[in-house]
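Undergrad: what's the 3D shape of this:
(one chain, ligands or ions: 2)
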Amino acid sequence: MQGWHGLDDVPEDWGRSVVTIGVFDGVHRGHQQMVARAVDMAAKLGLPSVAITFDPHPDEVVRPGSHPPLLTDTRRRAELLMSLGVDAVCVMPFTVEFSRMSPDEFVQTTLVDRLHAAGVVVGENFRFGHKASGDLETLRTLGEKYDFVVEGVPLVSEGEAISSTRIRGRLAEGDVEAAAAELGRPHRVEGVVVRGHQRGRALGFPTANVESPQHTAIPADGVYAGYLRCTESPSRYEGELWPAAISVGTNPTFQNVARTVEAYALDRDDLDLYGMHVAVDFTTRLRDNLKFDSIEALIEQMHADVAEARRLTSG
Ligand SMILES: Cc1cc2nc3c(=O)[nH]c(=O)nc-3n(C[C@H](O)[C@H](O)[C@H](O)COP(=O)(O)O)c2cc1C
Ligand SMILES: Nc1ncnc2c1ncn2[C@@H]1O[C@H](COP(=O)(O)OP(=O)(O)O)[C@@H](O)[C@H]1O
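TA: Ligands and ions are numbered 1, 2, ... in the order given. The predicted structure is shown next:
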């Protein structure tokens, strides 16, 4: 398995290959199907498969100021793509210059000259080149010119096509169950554990406050059940997975200002996660995040949340 940052990382002696192209944010079930088609075509042709993805998200470059909340960062996207069986992931730096290439230039410089594409697999609605002027038909025509076959994969549809945009909408509504169904796994928020107001322990529920990178897709404010794991490596917690009760919001009972994502690992009070990289998986929404009249009332509700989270994550 190989991870390349830009075309300069492609080995000099790289032969012919099957290439699939997309932003792949979330690596959702539609993406998974497409990558499976590429891996399948590569196996039939006896060639390696490559997934091309872009960083930053093309929208940020094409429409400056628009930052779609990201379902996955580049590292996680590459990791998920690799897990689907591609032999290499190539992360292309998406620049203004890159965005101005004509469809023919893009195909020639990227697919033909460096990756020697024998086959190219894209979604049916794939657009590429300056001002998104190229589509599947353009790609097919260029395939004839440069000698590669093109497969357009129909979008996986449930009512509407599964898309990163639709999943972002689910998360913004707090519907983490629907997001998980479309992603094929629970949505994950990752980041480093930072200090909070040091109240959690006193309430009986120490929570790991997760500081995620800018533009991370965070589910709507609320209380959720899910899982917390430490993804720091090496660490004394490697391989452990903790069922968790998760709070997203501004802790209205305490008039906090900043929005936090915090997770309490059920039945543990002995963890020391400060400074460590962790991942929080959201499986079920329990309720809205509320302003309680007393700390006692909040604690009572947290006990109920924890009981519910335990029920949902056991077995
Ligand atoms: C399961 C759970 C449910 C929570 N629900 C609420 C809530 O409804 N309202 C609220 O103000 N804070 C809620 N919180 C957040 C707590 O207020 C917060 O964890 C506590 O103040 C500790 O903050 P600290 O980590 O900054 O010390 C909840 C936390 C957990 C773990
Ligand atoms: N069960 C647990 N779940 C999450 N964090 C825990 C747990 N037990 C201990 N911790 C540790 O305690 C810290 C949270 O304690 P807390 O009193 O809420 O302080 P803070 O306000 O800094 O988050 C976490 O960052 C973690 O290092």
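Undergrad: Over to the closest residue to ligand 1 within the chain: give its phi and psi.
TA: When Cβ to the nearest ligand atom is the measure, the chain has its nearest residue to ligand 1 at Gly196, with 2.5 Å between them. For every residue, glycine as well, the C-beta is placed using N, CA and C. Backbone dihedrals for Gly196, given as degrees, to the nearest 10, come out at phi -110, psi -140.
Undergrad: Excluding chain neighbours, what is closest to it?
TA: The shortest distance from Gly196 to any residue other than its chain neighbours is 4.3 Å, reached at Asn209 (Cβ to Cβ, 6 or more residues apart in numbering).
Undergrad: so which strand or helix has the one you found?
TA: Take DSSP states H and E as the rule and Asn209 turns out to sit in strand 208-211.
Undergrad: Partner strands of that strand and their direction?
TA: Looking at strand 208-211 with DSSP bridges, its partner strands are strand 187-194 (antiparallel), strand 260-265 (antiparallel).
Undergrad: From the chain's centroid, how far away is that strand?
TA: Relative to its chain's centre, strand 208-211 lies at 18 Å (Cα atoms, centre = their mean, to the nearest Å).
Undergrad: now what about that strand, what contacts it?
TA: Counting contacts by Cβ atoms under 8 Å, 6 or more residues apart in numbering, the residues outside strand 208-211 that touch it are 189-196, 228, 260-265, 271, 273, 278, 280.
Undergrad: Quick check: buried residues in that strand?
TA: Within strand 208-211, the residues that qualify as buried are 208-210, counting by 16 or more other Cβ atoms under 10 Å.
Undergrad: Contacting ligand 2 as well, which ones from the residues you listed?
TA: 208-209 (Cβ under 6 Å from any ligand atom).
Undergrad: Kindly report the residues of this protein close to ligand 1.
TA: Counting by Cβ under 6 Å from any ligand atom, the chain sits next to ligand 1 at 196-200, 203, 205, 207, 209, 223, 245, 247, 251-254, 262, 264, 289-290, 292, 298, 302, 305.
Undergrad: residue nearest the centroid of the chain?
TA: For the chain, the residue sitting closest to the mean C-alpha position, by Cα atoms, centre = their mean, is Thr72 at 2.1 Å.
Undergrad: show me the contacts for that one.
TA: With Cβ under 8 Å, 6+ apart as the criterion, the residues that contact Thr72 are 24-27, 80, 188.
Undergrad: redo that, cut-off 7 Å
TA: 25-27, 80 (Cβ atoms under 7 Å, 6 or more residues apart in numbering).
Undergrad: ok, now how distant is it from Arg168?
TA: Using Cβ to Cβ, to the nearest Å, we find Thr72 at a distance of 12 Å from Arg168.
Undergrad: Just give me the longest strand of this structure.
TA: strand 277-287 (DSSP state E).
Undergrad: what's the distance between whichever residue of the chain sits closest to ligand 2 and Thr95?
TA: Nearest residue of the chain to ligand 2: Gly200, at 2.1 Å (Cβ to the nearest ligand atom). In this structure, Gly200 lies at 43 Å from Thr95, with Cβ to Cβ as the measure.
Undergrad: More neighbours: the two, which one.
TA: Gly200 (18 against 11; other Cβ atoms under 10 Å).
Undergrad: check contacts around that one.
TA: If a contact means Cβ under 7 Å, 6+ apart, then Gly200 has 206-207 as its contacts.
Undergrad: Distance check, it against Asp267.
TA: Using Cβ to Cβ, one obtains 15 Å as the distance from Gly200 to Asp267.
Undergrad: next one: Val89
TA: Here Val89 is placed at a distance of 38 Å from Asp267 (Cβ to Cβ).
Undergrad: Tell me which of these two has more neighbours.
TA: Set Val89 next to Asp267 and count neighbours by other Cβ under 10 Å: Val89 wins out with 23 against 9.
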